[in-house]
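> What would the 3D arrangement of this be:
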Amino acid sequence: MKGDLHTEELMHAVVASQTGLRTARHISHAYLMDIPDYPRPLLLTDVAINIAPTLMEKVSIVQNAIDFAHVMGIAEPRVAILAAVETVSDRLPSTLDAAALCKMAERGQITGGLLDGPLGFDNAINEAAAVEKALSRKLLGGQTFSCSRSRSRQHAGQAAHLPLRAEAAGVVLGARVPIILSSRADSANTRLASCALGVLMARAGRTV
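Sure thing, here's the model as predicted:
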(Lines give C-alpha, C1' and ligand atoms only; values in the text may rest on other atoms or scores of the structure.)
Protein backbone atom coordinates (compact mmCIF):
# COMPACT_ATOMS: atom_id res chain seq x y z
CA MET A 1 0.00 0.00 0.00
CA LYS A 2 1.34 3.40 -0.96
CA GLY A 3 2.12 5.73 1.91
CA ASP A 4 3.78 9.11 1.37
CA LEU A 5 5.57 7.95 -1.80
CA HIS A 6 4.60 9.34 -5.17
CA THR A 7 2.81 6.81 -7.36
CA GLU A 8 5.65 6.66 -9.88
CA GLU A 9 8.16 5.82 -7.12
CA LEU A 10 6.15 2.85 -5.92
CA MET A 11 5.23 1.61 -9.40
CA HIS A 12 8.84 1.87 -10.59
CA ALA A 13 9.73 -0.75 -7.99
CA VAL A 14 6.69 -2.86 -8.86
CA VAL A 15 7.47 -3.07 -12.58
CA ALA A 16 11.22 -3.66 -12.11
CA SER A 17 12.09 -7.15 -13.34
CA GLN A 18 14.24 -7.99 -10.31
CA THR A 19 11.42 -7.58 -7.77
CA GLY A 20 9.43 -10.50 -9.19
CA LEU A 21 6.08 -8.69 -9.01
CA ARG A 22 5.48 -8.51 -12.77
CA THR A 23 3.37 -11.08 -14.59
CA ALA A 24 2.59 -11.59 -18.26
CA ARG A 25 -0.32 -9.15 -17.85
CA HIS A 26 0.02 -5.42 -18.37
CA ILE A 27 -0.46 -3.65 -15.03
CA SER A 28 -3.54 -1.45 -14.65
CA HIS A 29 -5.68 0.21 -11.99
CA ALA A 30 -9.39 -0.04 -11.26
CA TYR A 31 -11.81 1.88 -9.06
CA LEU A 32 -14.84 0.10 -7.66
CA MET A 33 -17.57 2.64 -6.89
CA ASP A 34 -20.85 2.51 -5.01
CA ILE A 35 -23.04 5.37 -6.25
CA PRO A 36 -26.29 6.32 -4.49
CA ASP A 37 -29.40 5.70 -6.61
CA TYR A 38 -27.50 3.44 -9.03
CA PRO A 39 -28.56 -0.21 -8.59
CA ARG A 40 -25.15 -1.90 -8.90
CA PRO A 41 -21.46 -1.21 -8.34
CA LEU A 42 -19.43 0.46 -11.09
CA LEU A 43 -15.87 -0.32 -12.08
CA LEU A 44 -13.77 2.38 -13.75
CA THR A 45 -10.42 1.61 -15.36
CA ASP A 46 -7.67 2.77 -15.81
CA VAL A 47 -7.69 5.72 -13.43
CA ALA A 48 -4.19 5.96 -12.04
CA ILE A 49 -1.47 4.22 -14.05
CA ASN A 50 -1.75 4.13 -17.83
CA ILE A 51 -1.70 7.54 -19.53
CA ALA A 52 -2.07 6.67 -23.22
CA PRO A 53 -2.23 2.88 -23.55
CA THR A 54 -1.78 1.10 -26.86
CA LEU A 55 -4.48 -1.16 -28.24
CA MET A 56 -2.81 -4.30 -26.90
CA GLU A 57 -2.30 -2.65 -23.52
CA LYS A 58 -6.02 -1.86 -23.50
CA VAL A 59 -6.70 -5.55 -24.07
CA SER A 60 -4.92 -6.32 -20.79
CA ILE A 61 -6.61 -3.39 -19.03
CA VAL A 62 -10.06 -4.64 -20.04
CA GLN A 63 -9.26 -8.27 -19.24
CA ASN A 64 -7.85 -7.26 -15.84
CA ALA A 65 -11.08 -5.40 -15.10
CA ILE A 66 -13.25 -8.32 -16.20
CA ASP A 67 -11.31 -10.76 -14.04
CA PHE A 68 -11.57 -8.30 -11.14
CA ALA A 69 -15.34 -8.08 -11.65
CA HIS A 70 -15.53 -11.87 -11.46
CA VAL A 71 -13.77 -11.77 -8.08
CA MET A 72 -16.39 -9.22 -6.99
CA GLY A 73 -19.10 -11.75 -7.87
CA ILE A 74 -20.18 -10.25 -11.22
CA ALA A 75 -20.52 -13.28 -13.51
CA GLU A 76 -20.67 -11.46 -16.87
CA PRO A 77 -19.68 -7.80 -16.49
CA ARG A 78 -20.95 -5.41 -19.13
CA VAL A 79 -17.98 -3.38 -20.33
CA ALA A 80 -18.47 0.03 -21.97
CA ILE A 81 -15.42 1.25 -23.91
CA LEU A 82 -15.68 5.01 -23.45
CA ALA A 83 -14.67 7.64 -26.00
CA ALA A 84 -15.49 11.24 -26.88
CA VAL A 85 -18.09 10.20 -29.48
CA GLU A 86 -20.19 7.09 -30.05
CA THR A 87 -19.32 6.55 -33.72
CA VAL A 88 -16.11 5.15 -35.16
CA SER A 89 -13.91 7.80 -36.76
CA ASP A 90 -10.39 7.59 -38.16
CA ARG A 91 -9.80 11.06 -36.69
CA LEU A 92 -10.31 9.71 -33.17
CA PRO A 93 -8.01 6.74 -32.47
CA SER A 94 -9.88 5.95 -29.26
CA THR A 95 -12.99 5.08 -31.29
CA LEU A 96 -10.98 2.77 -33.55
CA ASP A 97 -9.54 1.04 -30.51
CA ALA A 98 -13.01 0.67 -29.01
CA ALA A 99 -14.29 -1.01 -32.16
CA ALA A 100 -11.22 -3.27 -32.29
CA LEU A 101 -11.65 -4.30 -28.65
CA CYS A 102 -15.27 -5.26 -29.27
CA LYS A 103 -14.28 -7.36 -32.30
CA MET A 104 -11.47 -8.99 -30.30
CA ALA A 105 -14.03 -9.95 -27.66
CA GLU A 106 -16.18 -11.53 -30.37
CA ARG A 107 -13.15 -13.56 -31.49
CA GLY A 108 -12.28 -14.74 -27.99
CA GLN A 109 -9.23 -12.54 -27.48
CA ILE A 110 -11.00 -10.93 -24.51
CA THR A 111 -13.17 -13.26 -22.46
CA GLY A 112 -15.66 -13.24 -19.62
CA GLY A 113 -17.53 -10.01 -20.34
CA LEU A 114 -19.92 -8.30 -22.74
CA LEU A 115 -18.27 -5.37 -24.57
CA ASP A 116 -19.67 -2.44 -26.53
CA GLY A 117 -18.13 0.79 -27.73
CA PRO A 118 -17.29 3.45 -28.45
CA LEU A 119 -19.81 4.83 -25.97
CA GLY A 120 -20.26 7.87 -23.78
CA PHE A 121 -20.67 7.36 -20.05
CA ASP A 122 -24.22 8.74 -20.14
CA ASN A 123 -25.54 6.48 -22.88
CA ALA A 124 -23.98 3.42 -21.28
CA ILE A 125 -26.03 3.85 -18.09
CA ASN A 126 -29.01 6.00 -19.08
CA GLU A 127 -31.76 4.62 -21.31
CA ALA A 128 -33.01 8.06 -22.40
CA ALA A 129 -29.51 9.02 -23.59
CA ALA A 130 -29.15 5.73 -25.47
CA VAL A 131 -32.55 6.13 -27.14
CA GLU A 132 -31.83 9.75 -28.07
CA LYS A 133 -28.69 8.67 -29.96
CA ALA A 134 -30.30 5.51 -31.39
CA LEU A 135 -27.71 3.29 -29.72
CA SER A 136 -27.89 -0.33 -28.69
CA ARG A 137 -29.17 -0.70 -25.14
CA LYS A 138 -27.53 -4.04 -24.42
CA LEU A 139 -25.10 -2.41 -21.97
CA LEU A 140 -27.63 -0.38 -20.01
CA GLY A 141 -26.89 -0.88 -16.36
CA GLY A 142 -23.28 -1.51 -17.29
CA GLN A 143 -20.79 -2.27 -14.58
CA THR A 144 -17.32 -1.77 -16.08
CA PHE A 145 -16.14 1.34 -17.89
CA SER A 146 -12.82 1.59 -19.71
CA CYS A 147 -11.59 5.07 -20.69
CA SER A 148 -8.92 5.81 -23.23
CA ARG A 149 -7.17 8.99 -22.05
CA SER A 150 -5.89 9.99 -18.63
CA ARG A 151 -7.76 13.29 -18.50
CA SER A 152 -11.16 11.80 -19.33
CA ARG A 153 -10.55 9.00 -16.80
CA GLN A 154 -9.63 11.52 -14.14
CA HIS A 155 -12.71 13.64 -14.80
CA ALA A 156 -14.99 10.61 -14.74
CA GLY A 157 -13.51 9.47 -11.44
CA GLN A 158 -13.85 12.92 -9.93
CA ALA A 159 -17.42 13.19 -11.16
CA ALA A 160 -18.31 9.95 -9.42
CA HIS A 161 -16.56 10.98 -6.21
CA LEU A 162 -17.95 14.48 -5.81
CA PRO A 163 -21.35 15.30 -7.35
CA LEU A 164 -22.65 11.73 -7.17
CA ARG A 165 -21.44 11.17 -3.58
CA ALA A 166 -19.89 7.85 -4.51
CA GLU A 167 -17.96 5.64 -2.16
CA ALA A 168 -14.89 4.32 -3.98
CA ALA A 169 -12.03 1.90 -3.52
CA GLY A 170 -9.14 1.16 -5.84
CA VAL A 171 -6.58 -1.56 -6.48
CA VAL A 172 -3.75 -2.22 -8.96
CA LEU A 173 -4.32 -5.29 -11.13
CA GLY A 174 -1.96 -7.48 -13.12
CA ALA A 175 0.83 -7.83 -10.53
CA ARG A 176 1.51 -10.90 -8.41
CA VAL A 177 0.08 -9.19 -5.33
CA PRO A 178 -2.65 -6.54 -4.93
CA ILE A 179 -1.30 -2.98 -4.70
CA ILE A 180 -3.23 -0.05 -3.26
CA LEU A 181 -2.43 3.45 -4.56
CA SER A 182 -4.04 5.56 -1.90
CA SER A 183 -4.22 9.32 -2.34
CA ARG A 184 -3.59 11.83 0.42
CA ALA A 185 -7.10 13.11 -0.32
CA ASP A 186 -8.72 9.69 0.17
CA SER A 187 -11.09 9.26 3.08
CA ALA A 188 -10.60 6.62 5.74
CA ASN A 189 -13.52 4.71 4.20
CA THR A 190 -11.79 4.65 0.81
CA ARG A 191 -8.53 3.42 2.33
CA LEU A 192 -10.25 0.68 4.33
CA ALA A 193 -12.40 -0.41 1.40
CA SER A 194 -9.30 -0.54 -0.82
CA CYS A 195 -7.62 -2.80 1.73
CA ALA A 196 -10.69 -5.05 1.66
CA LEU A 197 -10.45 -5.28 -2.14
CA GLY A 198 -6.79 -6.21 -1.80
CA VAL A 199 -7.68 -9.03 0.59
CA LEU A 200 -10.30 -10.38 -1.80
CA MET A 201 -7.84 -10.26 -4.71
CA ALA A 202 -5.14 -12.01 -2.64
CA ARG A 203 -7.57 -14.77 -1.66
CA ALA A 204 -8.64 -15.22 -5.26
CA GLY A 205 -4.98 -15.42 -6.33
CA ARG A 206 -4.25 -18.13 -3.76
CA THR A 207 -7.30 -20.09 -4.92
CA VAL A 208 -6.12 -19.94 -8.52
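> Tell me where this structure has strands.
Applying DSSP state E to the chain gives strands spanning 28-34, 42-45, 78-82, 114-119, 144-146, 167-173.
> Starting from the third one, tell me which strands it pairs with and how they run.
For strand 78-82, the paired strands and their directions (DSSP bridges) read strand 114-119 (parallel), strand 144-146 (parallel).
> starting at the chain centroid, how far to stretch 102-115?
16 Å (CA atoms, centre = their mean, to the nearest Å).
> Could you check how many residues crowd around residue 94?
22 (other CB atoms under 10 Å). Placement of C-beta: from N, CA and C, glycine included.
> ranking the strands of the chain by burial, who's on top?
Greatest average neighbour count among the strands of the chain goes to strand 144-146 (a mean of 27), per mean count of other CB atoms under 10 Å.
> JSON lines please, covering the strands paired with strand 78-82 and showing mean pLDDT.
Below are the strands paired with strand 78-82 laid out as JSON lines (pLDDT from 0 to 100):
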{"stretch": "strand 114-119", "mean pLDDT": "88"}
{"stretch": "strand 144-146", "mean pLDDT": "66"}
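> Looks like residue 67 contacts residue 111 (just checking).
No: if you go by CB atoms under 8 Å, residue 67 and residue 111 don't touch, sitting 9.3 Å apart.
> Between the two, which is the more surrounded one?
residue 67 (19 against 10).
> can you count the residues close to the residue lying closest to the more buried one once chain neighbours are set aside?
With CB to CB, 6 or more residues apart in numbering as the criterion, residue 67 has its nearest non-adjacent residue at 6.8 Å, and that residue is residue 112. For residue 112, the neighbour count with other CB under 10 Å is 17.
> State the distance from residue 112 to residue 66.
5 Å (CB to CB, to the nearest Å).
> Give me the common contacts of those two.
Among the neighbours of residue 112, those also in contact with residue 66 (CB atoms under 8 Å, 6 or more residues apart in numbering) are residue 77.
> Identify the bridge partners of the nearest residue to residue 170 once chain neighbours are set aside.
Leaving aside its sequence neighbours, residue 170 sits nearest to residue 31 (CB to CB, 6+ apart; 4.6 Å). Note on residue 31: beta-bridge partners by DSSP bridges are residue 44, residue 170.
> Could you do residue 80 as well?
In beta-bridge terms (that is, DSSP bridges), residue 80 pairs with residue 116, residue 145.
> thought it was touching residue 113?
No: in this structure residue 80 lies outside contact range of residue 113 using CB under 8 Å: 10.4 Å.
> For residue 56, see how far away the spatially most central residue of the chain is.
Residue closest to the average C-alpha location in the chain (CA atoms, centre = their mean): residue 45, at 1.9 Å. Going from residue 45 to residue 56 by CB to CB gives 16 Å.
> Give the residue farthest from the middle of this protein.
In the chain, by CA atoms, centre = their mean, residue 18 is the one farthest from centre (27.3 Å).
> if I look at it, how far off is residue 6?
21 Å.
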